[in-house]
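> Quick check, what structure comes out for this input:
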Amino acid sequence: MPDFLQPTRLRESLPVLLAALAFLCLAGGGVLFLAALPEQAARIWMIGAAAVLVVLVFDILRALLQGRMGVDAIAALSIGVGLALGENLAAAIVAVMYAGGQLLESYAEGRARRDMTALLGRVSRTAMLYRGTNLDSVPIEALKPQDRILVRKGEVVPVDGRLLAPSSVLDLSALTGESLPVSITFGAEVPSGATAVGDAFDLLVLRESKKSTYAGIVRLVEQAQASRAPMARLADRHALVFLAITLLLAGGAWWWSGESTRALAVLVVATPCPLILAVPVAVIAGMSRAASQ
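Numbers count the residues shown, from 1 in each chain. Predicted coordinates:
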């Protein structure tokens, strides 16, 4: 099977393909419309909107199977009603907004994932532990307070400890952002996550690895990345109420005016693009920034 057809690759490339298709259909239909070919333009707009609608409905069904109901159901309704009423341009515009938001979110997630991988990649897995006069390589989880370990030049300090050498030079940029190496002297506390840029030194372990500074930073970033924004949770929590009110207003607009396009206008205006696009992208981009810092 070609590499781009692998399930993981296909899932990662879907937002790009969907956004590209929606945008090209919207632009292509616009060109045909300007060329006095409105029927052909409408068909092109319908293709782009229908493709996005299929993916959107699949995502909504998957969320429902997981017991969740999101506000993007309004976007699906807008596209579906637009196609049903023959307002293909309106459906195509909503489809471009949704597909573009999915693309931005996918890009932000990719950046956050790369930064998170780099953050986790700095975590030391083993340490050189003194056993009498010998040195043994042990997992950092095996280190206990009062153990003595050796930190070699270029290594990341695995746990919080106290310097047992006359002096040392550390790179603290991963912890504090300080770009210049910092010199410390005997007895000073050395935080985990610092990089030894000077000579090797002995370190007296002060805390277990899971209670060390860098482990706490990684844990907080992981928890924040896994959590959802309060605004997004609030929107999803009231998605059914929002959907019901939107349908009521759309139906009322149709009944009052006698024009079905009024209902479509209400659905398009009610499509919660700021919640669908802005909140997830802002949160994920923020986490990416936090991980890189």
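
> Buried residues, the helix ranked longest in the chain. List them.
Among the segments of the chain that qualify as a helix by DSSP state H, the longest is helix 88-121. Using 16 or more other C-beta atoms under 10 Å as the burial criterion, the residues of helix 88-121 that qualify are 88-106, 108-109, 111-112, 115-116, 119. Bear in mind the C-beta positions are built from the backbone N, C-alpha and C, glycine included.

> Tell me which other helices or strands it touches.
Using 3 or more C-beta pairs under 8 Å, 6 or more residues apart in numbering; DSSP states H and E as the contact criterion, the secondary-structure elements in contact with helix 88-121 are helix 7-34, helix 38-65, helix 73-84, helix 213-226, helix 260-270, helix 279-292.

> can you rerun that using 6 Å?
With contacts defined as 3 or more C-beta pairs under 6 Å, 6 or more residues apart in numbering; DSSP states H and E, the secondary structure elements packing on helix 88-121 are helix 7-34, helix 38-65, helix 73-84, helix 279-292.

> Please name whichever of these is nearest to Ile217.
When the helices and strands packed on helix 88-121 are ranked by proximity to Ile217, the top entry is helix 279-292, at 9.4 Å, counting by C-beta to C-beta.

> related to what we said a few turns ago, compute the inter-axis angle for the longest helix of the chain and helix 73-84.
With axes from the mean of the first three to the mean of the last three C-alpha atoms, to 10 degrees as the criterion, the two stretches helix 88-121 and helix 73-84 enclose an angle of 150 degrees.

> Give me the mean pLDDT for helix 88-121.
The predicted model gives helix 88-121 an average pLDDT of 76.

> Likewise for stretch 180-187?
Mean predicted lDDT for stretch 180-187 stands at 89.

> Contacts made by whichever helix or strand comes after the longest helix of the chain with the rest, please.
Heading C-terminal from helix 88-121, the first helix or strand you meet, by DSSP states H and E, is strand 126-131. Contacts made with strand 126-131 from outside it, assessed by C-beta atoms under 6 Å, 6 or more residues apart in numbering, are listed as 135-140, 143, 147-150, 158.

> Measure how the longest helix of the chain sits relative to helix 7-34, angle-wise.
Here helix 88-121 runs at 150 degrees with respect to helix 7-34, directions being taken by the same axes, to 10 degrees.

> switch to numbering from 29
Renumbered: residue one is now 29, and that last one reads helix 116-149.

> Below-threshold pLDDT in this structure: ranges please.
When the per-residue scores of the chain are filtered using pLDDT under 70, the ranges that remain are 29-40, 96-99, 137, 140-141, 143-150, 249-250, 252-267, 301-309, 311-313, 315-321.

> quick one, what contacts the closest residue to Ser211 other than its chain neighbours?
Ranked by C-beta to C-beta, 6 or more residues apart in numbering and with sequence neighbours excluded, the top spatial neighbour of Ser211 is Val197, at 5.3 Å. Residues touching Val197, when contacts are defined by C-beta under 6 Å, 6+ apart, comprise 209, 211, 225-226.

> Which two of those have the greatest separation?
Within the contacts of Val197 (distances taken as C-beta to C-beta), the two that end up farthest apart are Ser211 and Val225, at 10.2 Å.

> What residues of stretch 44-62 count as buried?
Of the residues in stretch 44-62, those with enough neighbours to count as buried (16+ other C-beta under 10 Å) are 46-47, 49-51, 53-54, 56-57, 60-61.

> In terms of helices and strands, where is the residue nearest to Ser211?
Using DSSP H and E, Val197 sits in strand 195-199.

> How far does that strand sit from its chain's centre?
35 Å (C-alpha atoms, centre = their mean, to the nearest Å).

> May I have the strands that pair with it, each with its orientation?
strand 210-213 (antiparallel), strand 223-224 (antiparallel) (DSSP bridges).

> list the buried ones in it?
The neighbour-count check on strand 195-199 (16+ other C-beta under 10 Å) flags 196, 198-199 as buried.

> which residues touch the residue nearest to Gln130 when sequence neighbours are not counted?
In this structure, Gln130 finds its nearest non-sequential neighbour in Pro43, 4.5 Å apart by C-beta to C-beta, 6+ apart. Pro43 makes contacts with 130-131, 134, as judged by C-beta under 6 Å, 6+ apart.
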